[in-house]
Every structure is written in C-alpha cells, then in structure tokens.
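Asks: Provided below for reference: sequence and predicted model.
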Amino acid sequence: MNEQAIIRFERVVKRFGDVTVLDELDFHVDKGEKVTIIGPSGSGKSTVLRILMTLEDIDEGVIHVAGKPLWHEERNGTLVPASEAHLRRMRKEMGMVFQQFNLFPHMTVRRNITEAPVHVLKLSRHEARQRADEYLELVGLSEHADKFPSQLSGGQQQRVAIARALAMRPGIMLFDEPTSALDPELVGEVLTVIQRLAQEHDLTMLLVTHEMQFAKQISDRICFFDKGRVLEDGPPEQLFTEPREARTREFLNAFLNPA
Ligand SMILES: Nc1ncnc2c1ncn2[C@@H]1O[C@H](COP(=O)(O)OP(=O)(O)OP(=O)(O)O)[C@@H](O)[C@H]1O
C-alpha cells in the first residue's frame with residue numbers, strides 16, 4: 001500500500017445498470033503528483049473524476065482522499081456509508097474543471113469566483129473579492145472581472161472556471177477534458193494556464209485529456225485505462241514510446257496516426 005497517496009482507489013466497482021464501468025479498480029495519485037488518465041472512449045476516465053467529486057457514488061470498494069475515506073465514514077471501527085455532511089467536508093479537498101465550463105451565466109466573472117468562498121468557506125465578501133482578484137490575475141483575466149461569461153470567449157470562460165476552482169484552495173485539482181469543448185485556436189491559452197499551475201504550484205493534479213503532447217509535457221505519470229482498470233502506467237517518456245501492453249500500443253497508434 002502506498003502511504004504517499006493522497007488519492008487511493010481500492011478495488012472500486014462502479015456499475016451503470018448492467019454495465020460495469022469500473023472493474024475492481026486499484027489506482028492512486030501521490031501528493032503533489034501530476035497524473036493524466038488516457039484511454040479509449042467509455043473506459044471510465046471521466047467516471048473516476050466524477051466519483052471523486054461525489055457526483056457519482058460507488059458500488060463496491062473504498063476510496064481514500066487525503067487520508068480519509070471518501071464515500072464512507074468510520075463509526076466504531078467500521079466503515080459505514082458517508083453522510084451528506086461528510087461528503088461536503090471531503091469535497092473541499094478537491095476542485096474540478098469540467099469540459100463545459102459550467103459558469104453561472106447571470107453572475108459576473110468575479111461573482112462566479114467569490115460565491116463558493118463566501119457560502120462554503122464563510123469568507124467575508126471583501127476577503128473573497130481579494131482572493132478572486134488574485135486568481136483572476138493568475139489566469140490572466142484581471143481586466144474582465146466585471147463582465148458576464150457570455151461576453152468572454154470559450155478559452156477565457158474556461159480560465160475563469162479554473163480560477164473559480166482554485167479560489168477554494170483545494171489540495172487536489174481535477175480536470176475533465178478541459179479543452180475538448182474549445183475551438184482549436186483557444187486550446188493553447190487554457191493549456192498554458194494549466195501548465196503554469198503544474199509547474200509553479202504545489203498542487204496534486206489529476207487530468208483526463210486527449211491532448212497527448214500536453215499530457216507528455218506536464219505529467220509525472222500517465223495511466224492507460226482500459227475497461228475500467230489501469231492496464232498500465234508509467235512516466236510519459238516510457239509509456240508514449242515503449243508501452244508494454246499491446247492495447248496501449250494500439251490506442252496510441254490509432255490516436256497519433258488517425259486513419
Ligand atoms: N450517468 C450514467 N448513466 C449511465 N451510463 C453512464 C453514465 N455515465 C457514464 N456512463 C457510461 O459509463 C461508461 C464510462 O463512461 P466515462 O464517461 O467514464 O468514459 P470515458 O472513458 O471518460 O469516455 P470518453 O473518452 O468518451 O469521455 C460509458 O459507457 C458511459 O456511457
């Protein structure tokens with residue numbers, strides 16, 4: 001067992017009806033590690049992130065986040081299903097950036113960022129505003145603070161979504177295909193922000209992306225998912241150039257040399 005792990009899945013099963021999406025998944029991310037999940041469509045990549053954000057529950061197994069069970073609580077030495085209060089506490093450990101930016105359309109950019117710190121962390125409006133401005137600067141959008149999301153490009157909206165997640169100061173950031181809804185010319189600005197975060201901040205990052213070149217640059221480790229399990233993982237220089245498994249090779253060949 002890996003004691004460094006800040007995220008640890010142990011024999012996690014997730015089913016949707018008759019379909020087993022995660023099949024006794026063992027998976028971990030160490031503190032400070034940048035990990036990218038790649039794999040075929042339907043292999044369970046997004047489900048892993050959605051389970052971590054408590055948007056989906058699990059059928060079997062145990063997940064630990066920051067040393068505590070996520071979907072369970074310890075009562076009298078045994079694990080029982082987590083209460084809503086426990087899930088709320090655990091959610092604060094993580095921030096998530098979705099494919100669709102999910103900003104509140106009727107709020108300004110700054111307000112989008114201050115809402116959760118005020119309501120969840122109980123910061124004063126003044127503190128939350130200062131914090132919002134700090135993160136808007138980090139994502140290069142200070143001059144857009146008073147605009148509404150519809151007045152921004154997709155790339156800018158996604159950078160606001162990143163600032164919004166960071167404003168909760170989570171130890172772990174989850175990115176679910178953060179550039180796949182963007183026009184190609186807007187992908188770079190979002191990747192640049194994520195890359196800067198990876199290099200300059202002491203965050204644990206777990207990313208699902210089809211941007212292989214980017215994954216190679218920022219990741220400490222790549223996990224190849226197949227049928228709800230990690231088929232193989234390794235540092236990018238190894239996994240992209242000398243994958244051990246035939247399935248990984250097939251996937252990478254099809255991906256890097258589409259017909
Ligand atoms: N809420 C749901 N209800 C029913 N089935 C679902 C639900 N969410 C996901 N699935 C199914 O679970 C499987 C895994 O989905 P998931 O989104 O995790 O795959 P993925 O590896 O992220 O794929 P992609 O690269 O296409 O996004 C898919 O077959 C999907 O159709």
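Replies: Perfect, I can see it now.

Asks: what does the stretch 1-150 of the chain have sitting close to the ligand?
Replies: 16, 21, 39, 41, 42, 43, 44, 45, 46, 47 (CB under 6 Å from any ligand atom). (C-beta placed from N, C-alpha, C; glycine too.)

Asks: give me the most central residue, this structure.
Replies: residue 174 (1.3 Å; CA atoms, centre = their mean).

Asks: now that one, which residues is it bridged with?
Replies: In this entry, residue 174 is beta-bridged to residue 96, residue 206, by DSSP bridges.

Asks: looks like it contacts residue 51 (just checking).
Replies: No: in this structure residue 174 lies outside contact range of residue 51 using CB atoms under 8 Å: 10.4 Å.

Asks: give the residues shared as contacts by the two.
Replies: Common neighbours of residue 174 and residue 51 are not found (criterion: CB atoms under 8 Å, 6 or more residues apart in numbering).

Asks: for the protein, what spans make up the strands?
Replies: For the chain, the strands defined by DSSP state E occupy 5-16, 19-30, 34-38, 60-65, 68-69, 72-75, 78-81, 94-97, 172-176, 204-208, 221-226, 229-234.

Asks: let's have these in CSV, adding mean pLDDT.
Replies: Putting the strands of the chain into CSV (pLDDT from 0 to 100) gives the following:
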stretch, mean pLDDT
strand 5-16, 97
strand 19-30, 96
strand 34-38, 97
strand 60-65, 96
strand 68-69, 94
strand 72-75, 90
strand 78-81, 91
strand 94-97, 95
strand 172-176, 97
strand 204-208, 97
strand 221-226, 97
strand 229-234, 97
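
Asks: now these in JSON lines, with distance to residue 195?
Replies: As requested, the strands of the chain are exported to JSON lines (distance: least, CB to CB, whole Å):
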{"stretch": "strand 5-16", "distance to residue 195": "21"}
{"stretch": "strand 19-30", "distance to residue 195": "18"}
{"stretch": "strand 34-38", "distance to residue 195": "10"}
{"stretch": "strand 60-65", "distance to residue 195": "24"}
{"stretch": "strand 68-69", "distance to residue 195": "30"}
{"stretch": "strand 72-75", "distance to residue 195": "35"}
{"stretch": "strand 78-81", "distance to residue 195": "38"}
{"stretch": "strand 94-97", "distance to residue 195": "14"}
{"stretch": "strand 172-176", "distance to residue 195": "12"}
{"stretch": "strand 204-208", "distance to residue 195": "10"}
{"stretch": "strand 221-226", "distance to residue 195": "16"}
{"stretch": "strand 229-234", "distance to residue 195": "21"}
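
Asks: what's the closest of those strands to residue 132?
Replies: strand 94-97 (14.1 Å; CB to CB).

Asks: can I get the closest one in CSV, CA atoms only?
Replies: Output of strand 94-97 as CSV, limited to C-alpha atoms (Å, rounded to 0.1, in the frame of the first residue of the first chain):
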residue,chain,number,x,y,z
MET,A,94,-10.8,19.0,-4.5
GLY,A,95,-11.6,21.4,-7.2
MET,A,96,-12.8,20.3,-10.6
VAL,A,97,-12.8,21.9,-14.0
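
Asks: what packs against it?
Replies: helix 45-52, helix 154-166, strand 172-176 (3 or more CB pairs under 8 Å, 6 or more residues apart in numbering; DSSP states H and E).

Asks: before we move on, the earlier item: quick one: the residue nearest to the centre of the chain and residue 127, what's the gap?
Replies: To residue 127, residue 174 is 25 Å away according to CB to CB, to the nearest Å.

Asks: for residue 7, same thing?
Replies: Distance from residue 7 to residue 127, by CB to CB: 29 Å.
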